[in-house]
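# Give me coordinates for this.
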Amino acid sequence: LTGTPYQNDVTEVWSLVHMATAGKVLGKLKEFNKEYGKPIQATRFTNASSHVMKQGSIANDRLQDTLQPILLQRAKIDFLSEEVPEKHEICVWVRPSKQQAKMYKEVVQANGFLAQDMLSS
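Next up is the predicted model:
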C-alpha cells in the first residue's frame, strides 16, 4: 500500500487493509471510524479546536502503530537518492482557452454556484 489513500481519506485505508487482511486488522468500518476515522478527519477542518487536534493526533499515532507491521512506508529518497536528480517544481499560471472557460462555467453553474463566488471566498 502507498501513503496516498491515507492522505486522501482514512476510510480508503480501512478499505484496502480490510480487503488485504480479511478484516482481521482494523475491524468493521463502524468501529474503525469511531476509533480512528472521525478523530483523524476532524483535524482537517480549519476551525478544529486544540482538543480535537490532540485527539486526532492520538488516533493517528495509534493507527500508524497498528499498521506499521503490515504497511511499508519509505520515501523515494531512501532508495533513489543517487539515481534521481533533485526535484524542481515550477508553477506557471495560464488563462484557459475559450472552450475550457466555457466548460468550466457550465460545470460550476450546474453545481449551483458561480465561479465568482469561489474566487471571492
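# List the residue ranges of this protein that fall below the pLDDT cut-off.
1-7, 73-84, 111-121 (pLDDT under 70).
# Helix or strand for Trp14, just tell me which one.
Element membership of Trp14 [criterion: DSSP states H and E] is helix 10-20.
# next one: Gln100
Going by DSSP H and E, Gln100 is part of helix 98-110.
# again with His51
With DSSP H and E as the test, His51 turns up in helix 50-67.
# Contacts made by that helix with the rest, please.
10, 13, 17, 25-26, 35-36, 39-43, 45, 48 (Cβ atoms under 8 Å, 6 or more residues apart in numbering). C-beta here means a position set from N, CA and C on the backbone, and glycine is covered the same way.
# Narrow those to those that are buried.
With burial judged by 16 or more other Cβ atoms under 10 Å, the buried subset of the contacts of helix 50-67 is 10, 13, 17, 25-26, 35-36, 39-41, 43.
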